[in-house]
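Engineer: Build the 3D model from these lines:
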Amino acid sequence: MRCKTCVMTNKIPGTEFKNCQCNICRNPLPIINKKKQKKCLTDFKKTIAKLKKHKGQYNCMVAFSGGKDSSHLLHMLKNEYGLKPLAVSVDTGYINPIAKENITRIIKKLDVDHIFIKVQQGMFNSIYKYFLKNSDKYPDILSENCNLCTGLMDIYMGMTAAEKNIPVIFSGVSPDEIYLLIDLFGSKDICYELDHKLVQNLINKRMPMIKKMNKKIVNLIQKYNKMKNLPRIIYPYHVLPYDANKMRKMLAKEGLIPENKSSPFVTNCLINDIMIYSIVKKRGYNPYAKMMSYTIKSEPNRRSNLIFVDRIIRLTVKLGLFKRKTINYVLKNLGLSKKDVT
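Structural biologist: Sure, this is the predicted structure:
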């Protein structure tokens, strides 16, 4: 069964249907109320003012993926708010080449400092291999993989910010991703700011699983848990106006990202491509359907486009045309075959 309004299907774990509509379409969006949103916006403005008085080479860090959201955020913080950001990208070895091109171009154009945090490749490879080879044990391997991977990336950035005395990390999490964070952490308080304790709890709950992957991950987490001067992690797009199309046009006009390289349907992580491929092959649904459906709920004008993209993803996987070069590249790097992931 497929939802008559969005792209959800009864194959997706946790989906419930009534009158041919899924629970996402039937229920209100899990957003914070206007009073809380106003309070967060006030805090954001106060934080900006406080950061301008911060003494140090940088007064904030931007989690920079090279995608439209983080690129727009970096531009806004430097040119509109007058901050001195350090752009930081965590290189797991699987950054989309388009994203790398964007990063190089934008850093030069905006004249901001940037660093790649190079992680231990074997450590992250062990995560990806574990989930791809044990996908039958988990209802949603994409979420499990992304939650652990991004959690570790947050740890790397938090530790780097602490070492450089940077008090705040800004992250360009878009509204549709915020809904998923609310589902993950079970709290609307996650909308504007990420509490490090939530990251620690999320990862610590998965410790038995993590120990099967790589002991170096355990050592990293233990080091992180002992740190005291960790920065705030703020998601500005929950309280600031957000329009993906206007954002893409502005980035193109400023010469930062051409519109054909800022598509919201192209992931900046090659691992996501193989996760999509594996889940569609094994379970018959697009693992990004939930995020797409949240977007349709909040932006109905994008419905036809997202329904089309969902169909194209499932069709190209079925025909063996979906990201073939990427799939083969990732499989080779991980030492896996297509049989291992399908």
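
Engineer: show me the contacts for Lys197.
Structural biologist: Shown here is Lys197, which makes no contacts under the criterion Cβ atoms under 8 Å, 6 or more residues apart in numbering. Glycine gets a C-beta too; all of them are placed from N, C-alpha and C.

Engineer: where's it relative to Ile155, distance?
Structural biologist: Separation of Lys197 from Ile155 (Cβ to Cβ, to the nearest Å): 13 Å.

Engineer: Disregarding residues adjacent in the polypeptide, which is nearest to Ala162?
Structural biologist: Using Cβ to Cβ, 6 or more residues apart in numbering and skipping the chain neighbours, the partner closest in space to Ala162 is Asn229 (5.0 Å).

Engineer: And for Ile233?
Structural biologist: Going by Cβ to Cβ, 6+ apart, Ile233 has Leu194 as its nearest residue, at 4.1 Å.

Engineer: So that neighbour sits against Ile155, correct?
Structural biologist: No - taking Cβ atoms under 8 Å as the definition, Leu194 is not a contact partner of Ile155, at 11.7 Å.

Engineer: what's the following helix or strand after the longest helix seen in the chain?
Structural biologist: The longest helix of the chain (DSSP state H) is helix 141-163. Helices and strands here follow DSSP states H and E; after helix 141-163, the next one along the chain is strand 168-171.

Engineer: Check which residues of that following strand are buried.
Structural biologist: For strand 168-171, a neighbour-count test (16 or more other Cβ atoms under 10 Å) marks 168-171 as buried.

Engineer: What is the most widely separated pair among the residues you listed?
Structural biologist: For the buried residues of strand 168-171, with distances taken as Cβ to Cβ, the pair at the greatest spread is Val168 and Ser171 (10.2 Å).

Engineer: So for those two, which residues contact both of them?
Structural biologist: Joint contacts of Val168 and Ser171 (Cβ under 8 Å, 6+ apart) are 233-234.

Engineer: Secondary structure element holding Lys50?
Structural biologist: Counting by DSSP H and E, Lys50 is found in helix 34-52.

Engineer: tell me the mean pLDDT over the next helix or strand after that helix?
Structural biologist: Remark: after helix 34-52, the chain's next helix or strand is strand 60-63, criterion DSSP H and E. For strand 60-63, the mean per-residue pLDDT is 98.

Engineer: what's the offset of the next helix or strand after strand 60-63 from the middle of its chain?
Structural biologist: Tracing the chain past strand 60-63, the next element assigned as helix or strand by DSSP H and E is helix 68-75. Relative to the centre of its chain, helix 68-75 is centred 13 Å away, using Cα atoms, centre = their mean, to the nearest Å.

Engineer: Pull helix 68-75 out as PDB, backbone CA atoms only.
Structural biologist: Provided in PDB are the C-alpha atoms of helix 68-75 (Å, rounded to 0.1, in the frame of the first residue of the first chain):
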ATOM      1  CA  LYS A  68      23.200  24.200  -0.500                       C
ATOM      2  CA  ASP A  69      22.200  24.500   3.200                       C
ATOM      3  CA  SER A  70      25.700  24.700   4.800                       C
ATOM      4  CA  SER A  71      26.900  26.900   1.900                       C
ATOM      5  CA  HIS A  72      24.000  29.300   2.400                       C
ATOM      6  CA  LEU A  73      24.600  29.200   6.200                       C
ATOM      7  CA  LEU A  74      28.300  30.000   5.800                       C
ATOM      8  CA  HIS A  75      27.600  32.900   3.500                       C
END
